[in-house]
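**Student:** coordinates for the following, if possible.
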Amino acid sequence: MVILLRSFFILLLAAPLILKGLHVEQFVQKYTSTRYLGFFQVLSNDAIIYGGLVLLLYLSVLPKTSRWLAAGFRLIAVSVFVIYLIDYLIITNFNTHLATGDFIKYASYASKYIQQVYGLGNASLTLIALLLLALLMLFAFNKYRLKTPRYHHVPVAAFVCLPLAIGFPDQQKYAHAWIYQNVIDYNLMIRSEAAAYSPTFIESTNYSEPKTCASSPASTKNIIILMVESLSAYQSHYFSGLNNWTPYLDDIAQHNQAFKNFYANGFITEDGEISLLTGLLPVYPPSSYSDDGGSAFYSFYGIADSVPQVLKQHGYHTEFMTSADLDFGNTGGWANSIGFDYVEGHDHPDYDKWERFHFQAAPDAALYQRVLKRLQQNKQPLFMFIKTVSSHHPYVNPENKQKSEAEAIAYTDKQIGIFYQQLLTNGFFNNGLLFIVGDHHSMMPLNTAELNLYGQYKASAKVPLIIVGNEQIASTESQQYQQTDVANSIKGLVTGEQCYSDWTGVLLGDHKIPPRYIAHRRGDNRHLVSVFSENAEFLVKLNGDQTELVNSASADQTDDQNFVDKINYLRINRGSWAKQTARKFD
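**Tutor:** Residues are numbered from 1 along each chain as shown. The predicted structure follows:
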């Protein structure tokens, strides 16, 4: 019995390391065709963590270690093990590491999310928590000690091998080396993102971005932005040729304006909301977690020239509609701060009869029914922003409960098709525009086909955009555009003054103008910002005064400095705005 317990304990301890090694091995082999690189890099990178675990557990069972000291060693070991386990689950589920900022930002919602995903009530979750706490206390204060020297060779052997293992990691062998870094090294690597600018640097920063503006007839069309959770180009046969999960969306694209070279400016939903509704790039200021740097929408509250604010000034009624929990990331508070007249989430009574899924959301079918009702009730002109949820990870088809990305996207696509047909039937497009766009690339690992088709950096930002309206002649746009161009174009349409620059394009009208450069906030390496031109890709490393371009595909050093100056200007400007609005939106 004792041998079985020891074997179970060793297997439990090693399981996350082995599972992470296998996951990363499959990930790396898929892209590089190199076997064992991923697995052995995980072993090498994580050796320091598991070496620490073995040491703590070994010290806790030495005969001369006091009971209280042994309990302390074990509690620390359990804490390290839990962090490692959470990091592994985040890698496999969200294609990124556990970052300190994310932990601070989302920790308060974690229990709700677990309840929603696993169908647990408050009582069940409390019971599980108490059970785990009891097991932890039993483990921490167990009196077990090594009574014979024959087991001492196990930790000794581990520490003899540890320096050898630590000597093998090589972060430069693979473009996505972040995935086999350990959670400590990863957080140390990305901490340059929080490096502050010096007062001298801030005062000396002088960036100007020439804009060209032209007048055009102002419009009062009703406008809907339908932001679809995790909608990515690779899911669509029309947009990529890689998968055929979105036949309804593809049909809409073929009969309207489709943008096949369109990019998200960030990697999470709030980045998409910021880009589409403010026209600002979701590049955050350097910040510590004590000054709200770990909170959602930090430095983007109260934007005076947001889409809803500008449209309200021109007689529009503005609405933010979702079936998700508005408390998540303080989405409701942010939406109100940027000027929406009406903000509605999961707690509306119309959703009471529907089954709930993650973020306490009713399925997309319920959301579209609710939206159609609002469209019939509201005065015009109307601007409505719709945020869907059903295609959020973990993937499940609400109709048949099948759990896969293909099933979830198929359901999402079907509901888009039904909603589109309802808008047609109701005559919305007689005086209305519909923008269908993804909020960000799905949080799934990039596949080889995507990588080959789009390139290493562009693939992680590629999302569809479709514009539907009676005056929009069916066409396929191949020039590059981005989410911030949607906001810029809508504001220009309504105000009658359409402006563009190197970093901001216009995607409406007969004379579309693509931006020369597009920026994308990366989810894998948080301290890097990708910049795309039509034919080249660049990386800017965020590091306060030492922010720099780490790869240059340009022969023009003026361009290189422009990228760095632009990013520095954005971050400094956002930091200044955060200080101005800190009290108002607390």
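
**Student:** what number of residues lie near residue 72?
**Tutor:** By other Cβ atoms under 10 Å, the residues close to residue 72 number 16. Every residue, glycine included, has its C-beta placed from N, CA and C.

**Student:** quick check, residue 456 in contact with residue 532.
**Tutor:** No - checked against Cβ atoms under 8 Å, the pair residue 456 and residue 532 is beyond contact range at 11.2 Å.

**Student:** pLDDT below threshold where in the stretch 201-350 of the chain?
**Tutor:** Scanning the stretch 201-350 of the chain for pLDDT under 70 picks out the ranges 288-294.

**Student:** would you map the strands across it?
**Tutor:** Along the stretch 201-350 of the chain, the stretches classed as strands by DSSP state E, counting those that start in this stretch are 212-215, 222-228, 257-259, 262-263, 317-322, 342-344.

**Student:** so what secondary structure elements neighbour the longest one?
**Tutor:** Under the contact criterion of 3 or more Cβ pairs under 8 Å, 6 or more residues apart in numbering; DSSP states H and E, the helices and strands touching strand 222-228 comprise helix 269-278, strand 382-387, helix 405-425, strand 432-438, helix 483-495.

**Student:** hang on, the earlier thing: please name whichever of the strands of the stretch 201-350 of the chain is nearest to residue 68.
**Tutor:** Counting by Cβ to Cβ, residue 68 lies closest to strand 317-322 out of these; the figure is 50.1 Å.

**Student:** tell me the strands beside that closest one, with direction?
**Tutor:** Under the criterion DSSP bridges, strand 317-322 sits next to strand 342-344 (parallel), strand 382-387 (parallel) in its sheet.

**Student:** ok, and which of those has the densest surroundings?
**Tutor:** Comparing the strands paired with strand 317-322 on average neighbours per residue, with mean count of other Cβ atoms under 10 Å, the densest one is strand 382-387 at a mean of 24.

**Student:** tell me which element the nearest residue to residue 348 once chain neighbours are set aside is part of?
**Tutor:** Take residue 348 and drop its neighbours on the chain: the residue closest to it by Cβ to Cβ, 6 or more residues apart in numbering is residue 370, 6.7 Å away. Counting by DSSP states H and E, the element that carries residue 370 is helix 364-377.

**Student:** how far does that helix sit from its chain's centre?
**Tutor:** With Cα atoms, centre = their mean, to the nearest Å as the basis, helix 364-377 stands 27 Å off its chain's centre.

**Student:** got the buried residues for that helix?
**Tutor:** By neighbour count with 16 or more other Cβ atoms under 10 Å, helix 364-377 contains the buried residues 364-372, 374-375.

**Student:** out of those, which is nearest to residue 185?
**Tutor:** Scanning those for proximity to residue 185, where the rule is Cβ to Cβ, the winner is residue 364, at 39.4 Å.

**Student:** shouldn't that closest one be in contact with residue 410?
**Tutor:** No - between residue 364 and residue 410 no contact is recorded; they are 11.8 Å apart, counting by Cβ under 8 Å.

**Student:** which residues touch stretch 17-33?
**Tutor:** 34-39, 41-43, 46, 50, 84, 88, 91-92, 174, 176, 179-180, 445-448, 451 (Cβ atoms under 8 Å, 6 or more residues apart in numbering).

**Student:** and residue 507, how many neighbours does it have?
**Tutor:** Residues lying near residue 507 (other Cβ under 10 Å) number 23.

**Student:** quick one: it from residue 492, how far?
**Tutor:** Distance, residue 507 to residue 492, by Cβ to Cβ, to the nearest Å: 10 Å.

**Student:** ditto for residue 47
**Tutor:** 56 Å.

**Student:** now do residue 256
**Tutor:** As judged by Cβ to Cβ, residue 256 and residue 492 stand 20 Å apart.

**Student:** coming back round to it: make a markdown table from the helices and strands packed on strand 222-228 and add distance to residue 79 to it.
**Tutor:** Output for the helices and strands packed on strand 222-228, formatted as a markdown table (distance: least, Cβ to Cβ, whole Å):
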| stretch | distance to residue 79 |
| --- | --- |
| helix 269-278 | 29 |
| strand 382-387 | 36 |
| helix 405-425 | 33 |
| strand 432-438 | 37 |
| helix 483-495 | 39 |
